[in-house]
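S.K.: no sequence for this one, just the structure:
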């Protein structure tokens with residue numbers, strides 16, 4: 001049975017001694033069927049580390065990340081958190097992730113004391129309800145492989161695609177847009193920070209899929225190699241990641257072996273929760 005264990009293990013940080021003047025943590029990347037760790041794993045761990053250094057009255061409102069090297073799933077990541085600023089309304093943290101003695105990841109996270117204020121956001125697209133769509137496990141039923149097991153139930157989140165998955169083939173229209181309903185397989189705790197970290201964790205799984213959809217490339221395309229390059233995420237309002245959220249996505253551009261994906265998370269009733277932008281390297285393995 002699918003569980004949310006991988007996500008919960010990923011954000012199980014251990015504080016360690018540091019001599020550089022901030023605070024430091026270690027976390028274990030979660031197993032994947034490929035040599036390098038899932039990028040959302042690293043983003044979520046850095047966010048969780050930064051959150052450990054700010055007061056409870058502040059909520060994460062943005063994180064900007066750069067992936068410098070692939071992360072080895074067999075070794076812990078070390079995160080140094082530099083306390084840049086604590087003001088009356090905002091706090092800023094810089095996080096540097098190290099592995100094997102080399103810098104692999106950097107992020108800047110900003111926190112804000114919430115204020116009562118009007119809300120506005122783009123309208124949520126009209127898509128079928130998640131209950132009417134196939135889960136990843138149902139879409140991959142009858143197929144075998146380590147990647148199939150991982151896509152089916154190893155990612156802590158139930159994901160349901162519109163217009164269809166890209167695991168084995170590009171299902172549905174070859175378009176620059178798609179949407180994915182997501183929620184954790186199990187109930188998470190009631191801490192709003194857990195749910196922000198959960199969104200940071202899950203956001204990277206499918207954000208490059210509109211780029212692949214435009215190019216006509218499924219994840220199992222022979223020779224395909226992708227890598228996250230940089231990532232930005234803005235949090236607009238709180239929401240539970242263990243309830244259905246719509247992740248509406250689009251390909252914002254493809255050129256020079258790189259693709260830019262944009263995404264927005266909405267609650268089931270259409271409230272904008274977060275906005276994501278991510279650029280990735282695309283190596284198709286065949287002429288396009």
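M.R.: Received it, and whenever you're ready, just let me know what you need. Here the structure is a predicted model, which is why all the values come from computation and not from measurement.

S.K.: CA only for contacts and neighbour counts going forward, please
M.R.: OK.

S.K.: Provide the secondary structure category for the nearest residue to residue 169 once chain neighbours are set aside.
M.R.: Setting aside the residues directly before and after it, residue 169 is nearest to residue 218 in space (CA to CA, 6 or more residues apart in numbering), at 4.9 Å. Residue 218 falls in the coil class when you classify it by DSSP: H, G, I helix; E, B strand; the rest coil.

S.K.: Would you state the strands of the stretch 151-288 of the chain in chain order?
M.R.: 157-162, 177-184, 225-235, 245-255, 258-267, 272-283 (DSSP state E, counting those that start in this stretch).

S.K.: so can I have a markdown table of these showing mean neighbour count?
M.R.: Output for those, formatted as a markdown table (neighbours: other CA atoms under 10 Å):
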| stretch | mean neighbour count |
| --- | --- |
| strand 157-162 | 26 |
| strand 177-184 | 25 |
| strand 225-235 | 20 |
| strand 245-255 | 22 |
| strand 258-267 | 24 |
| strand 272-283 | 22 |
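
S.K.: a markdown table for those strands, including mean pLDDT and distance to residue 129?
M.R.: As requested, the strands of the stretch 151-288 of the chain are exported to a markdown table (pLDDT from 0 to 100; distance: least, CA to CA, whole Å):
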| stretch | mean pLDDT | distance to residue 129 |
| --- | --- | --- |
| strand 157-162 | 97 | 10 |
| strand 177-184 | 98 | 8 |
| strand 225-235 | 97 | 24 |
| strand 245-255 | 98 | 10 |
| strand 258-267 | 98 | 12 |
| strand 272-283 | 98 | 17 |
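
S.K.: Please identify which of these is closest to residue 86.
M.R.: Minimum separation from residue 86 across the strands of the stretch 151-288 of the chain (CA to CA) falls at strand 225-235, 19.1 Å.

S.K.: Tell me the strands beside that closest one, with direction?
M.R.: strand 59-67 (antiparallel), strand 272-283 (antiparallel) (DSSP bridges).

S.K.: Which one of the ones you listed lies nearest to residue 148?
M.R.: Nearest to residue 148, of all the strands paired with strand 225-235, is strand 272-283, at 21.2 Å by CA to CA.

S.K.: just to revisit the earlier point, looking at the strands paired with strand 225-235, which is closest to residue 189?
M.R.: strand 59-67 (16.6 Å).

S.K.: so how far is that closest one from its chain's centroid?
M.R.: Centroid displacement of strand 59-67 relative to its chain, using CA atoms, centre = their mean, to the nearest Å, is 11 Å.

S.K.: Which positions within the helix or strand just after it qualify as buried?
M.R.: Beyond strand 59-67 on the C-terminal side, the first helix or strand identified by DSSP states H and E is strand 77-86. Residues of strand 77-86 classed as buried: 77-83 (neighbour count, 16 or more other CA atoms under 10 Å).

S.K.: Would you reformat the strands of the stretch 151-288 of the chain as CSV and include distance to residue 47?
M.R.: Below are the strands of the stretch 151-288 of the chain laid out as CSV (distance: least, CA to CA, whole Å):
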stretch, distance to residue 47
strand 157-162, 19
strand 177-184, 18
strand 225-235, 11
strand 245-255, 20
strand 258-267, 18
strand 272-283, 15
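
S.K.: which one of those strands lies closest to residue 202?
M.R.: That would be strand 157-162 among the strands of the stretch 151-288 of the chain, by CA to CA, at 7.4 Å.
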